[in-house]
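>>> give me coordinates for this.
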Amino acid sequence: MHVEVLSSIPMSGSIRERHFNASPGRNAWVRFDDGIGDPWVGVFGLRSDEYHSARLSTGMPAAVAPFSDDAGRTVLVIAGTHGYVVDAVLGVMLRESAIYCGYNFTLASPPARDFVLLADEYRIHAVYRDRDVQVALAGSDPDDYVSL
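Below is the predicted model:
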């Protein structure tokens with residue numbers, strides 16, 4: 001499965017769209033393509049408090065990371081500070097993540113694991129298909145970290 005955040009909005013009608021909390025303003029546009037079927041674009045919206053935030057006046061951070069244990073069928077999409085766990089083959093949202101991440105973040109998919117790591121300035125989370133687990137908090141004692 002090939003998944004990428006698009007840098008521009010596709011021409012209307014050029015590709016099938018699926019909306020996930022799409023807003024009338026800023027959204028992240030993500031293209032999903034398994035190489036054998038019809039590609040599609042997910043339109044992922046911001047939370048209402050982010051939509052009105054001046055911090056987003058120059059754009060919205062967005063990123064994607066596949067879960068490595070199922071060959072990328074499941075994907076974590078971050079739009080703004082909000083996460084979505086998506087079944088990329090069926091084109092359905094499995095759940096919205098409860099994590100509120102900072103605007104400077106990174107994603108990592110550890111090999112053969114059933115989670116994606118999300119790290120921002122303050123903490124590290126493991127995002128699973130069915131839950132979010134805080135692994136570490138900046139400034140905390142390493143003995144308090146969660147084992148994965």
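>>> ok, now which ones touch R129?
F67, T74, V85, L94, R95, D114 (Cβ atoms under 8 Å, 6 or more residues apart in numbering). Where you see a C-beta, it was placed from the backbone N, CA and C, and this is true even at glycine.
>>> let me fix that: L118
Taking Cβ under 8 Å, 6+ apart, we find L118 in contact with L76, I78, G83, I99, C101, F105, T106, L107, I124, H125, A126, V127.
>>> selecting buried members of those in ChimeraX, what would you type?
Command for ChimeraX that selects the buried part of these, burial taken from 16 or more other Cβ atoms under 10 Å:
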select :76,78,83,99,101,105,107,124,125,126,127
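>>> taking the contacts of R129, tell me the two that lie furthest apart.
R95 and D114 (14.2 Å; Cβ to Cβ).
>>> and the closest residue to V92 other than its chain neighbours, how far from L137?
Excluding the flanking residues, the one nearest V92 by Cβ to Cβ, 6 or more residues apart in numbering is V86, at 7.1 Å. Counting by Cβ to Cβ, to the nearest Å, the gap from V86 to L137 is 27 Å.
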